[in-house]
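Asker: A structural model of the following input is requested.
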Amino acid sequence: MPEYAGVVKAKGAVGGPQPSLAARFRTSVRKYWFIYLLAIPGLVFLLVFSYAPMYGVVLAFKDFKMNKGIMGSPWVGLAHYRELFSDPAFIQAFKNTVIINIYNLIFGFTFNVFLALMINEVQCKPLKSVVQTCVYLPYFLSWVIFAGLVQVFLQAPVPGDVGGVVNQVIMSLGGEPIDFMKRPDLFRGILVVTNIIKTAGYSTIIYLAAVASVDLSLYEAAAMDGANRRDMMFHITLPRIMPSVAVMFLLNISQLFLSNFDQVYNLYNNFVLSTGDVLSTYIYRISLGGGGEFEISTAANLLLNVMGLIALAFTNRFVKKMDVMGIF
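Answerer: Okay, here's the model as predicted:
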């Protein structure tokens, strides 16, 4: 027995004490110094433009005085939040934002997955390239240009003008022209459809990249077993891209209480404020848009981002229970 104890002691002595975290970090820096060097510009950018301005969130709890600055302004606690929740315009903008984002999640998210699967099933390479180009192109246009095109297509006829293409088609089929851009009941649908057309290319690229990583031998084995293209799509392709789908779903959930300012600002007008005014345009209107209420706009931004983080955390837990890797 003593000789075995000596062996165990000797084996323990071979390993020696483990290096400290600082020592391991220094070793890693010496070994991968070039990678750390490449990361420095991004880290500096993140610190300067993302973390340094975070001290400004205290503005949500202060009565901002320009001559005293942020830190010197008097503390008012939750007064701005009480003012927010008593403002009917904020409640309406919050409601519009959530409804539009839920529509985008239901229709836009599912359409993007479906579109990627359909593009992957196209066997003719020239046709596939043309379809991909047409899908990707709108994403590279600014919302200013894209919104202008949407307004031209949906333009209502006026004396001396036949109107946009959509109304021309409606009238050619015997229908009455519709002034889409002045219809509050249609504006949410316009936002959802234009968002799908504009952003489908970006999501499709991600899903197609995930499809490209699927082992081709799985398709070959399935074909030998008599599986058709539909079976392969539902039982091989879709399960293999599910991690990418989950990540994109979580990113969409994190934006549930936020809104695309560029899109809404370039499309909405006074006729559709009841259904088109969202939180980003509300915040702009009460702050930089002339309202000058920077404390309330900061309070609203902080509230919405915290709510988005909470929604993301709960959804991430739900996704991980489905045996799919989440974000964290």
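Asker: helices and strands of this structure: which one bottoms out on pLDDT?
Answerer: Within the chain, judged by mean pLDDT, DSSP states H and E, the helix or strand with the poorest mean is helix 2-15; its value is a mean of 47.
Asker: That helix: what's the following helix or strand?
Answerer: Sequence-wise, the next helix or strand downstream of helix 2-15 (DSSP states H and E) is helix 21-31.
Asker: who touches residue 75 in this structure?
Answerer: Contacts of residue 75 were listed using Cβ atoms under 8 Å, 6 or more residues apart in numbering, and they are 61-63. C-betas here are computed from N, CA, C, even on glycine.
Asker: Distance from the chain centre to the helix or strand hosting residue 196, please.
Answerer: For residue 196, the host element (DSSP H and E) is helix 184-212. Computed by Cα atoms, centre = their mean, to the nearest Å, the separation of helix 184-212 from the middle of its chain amounts to 11 Å.
Asker: can you check stretch 245-264 too?
Answerer: That offset, for stretch 245-264, works out to 3 Å (Cα atoms, centre = their mean).
Asker: wouldn't residue 151 be in contact with residue 267 here?
Answerer: Yes - counting by Cβ atoms under 8 Å, residue 267 is a contact partner of residue 151 at 7.4 Å.
Asker: More neighbours: which of those two?
Answerer: residue 267 (22 against 16; other Cβ atoms under 10 Å).
Asker: Spatially, what comes nearest to the more buried one if we skip its sequence neighbours?
Answerer: Take residue 267 and drop its neighbours on the chain: the residue closest to it by Cβ to Cβ, 6 or more residues apart in numbering is residue 147, 5.0 Å away.
Asker: what mean pLDDT does the helix or strand hosting the one you found have?
Answerer: Secondary structure assignment for residue 147, by DSSP H and E: helix 143-153. For helix 143-153, the mean pLDDT works out to 92.
Asker: Just the C-alphas of it, formatted as PDB.
Answerer: Output of helix 143-153 as PDB, limited to C-alpha atoms (Å, rounded to 0.1, in the frame of the first residue of the first chain):
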ATOM      1  CA  TRP A 143     -35.100  53.400 -47.000                       C
ATOM      2  CA  VAL A 144     -35.300  56.900 -48.600                       C
ATOM      3  CA  ILE A 145     -35.100  55.400 -52.100                       C
ATOM      4  CA  PHE A 146     -37.200  52.400 -51.300                       C
ATOM      5  CA  ALA A 147     -39.900  54.400 -49.600                       C
ATOM      6  CA  GLY A 148     -40.000  56.700 -52.700                       C
ATOM      7  CA  LEU A 149     -40.500  53.700 -54.900                       C
ATOM      8  CA  VAL A 150     -43.300  52.400 -52.700                       C
ATOM      9  CA  GLN A 151     -45.100  55.700 -52.800                       C
ATOM     10  CA  VAL A 152     -44.800  55.800 -56.600                       C
ATOM     11  CA  PHE A 153     -46.200  52.300 -56.900                       C
END
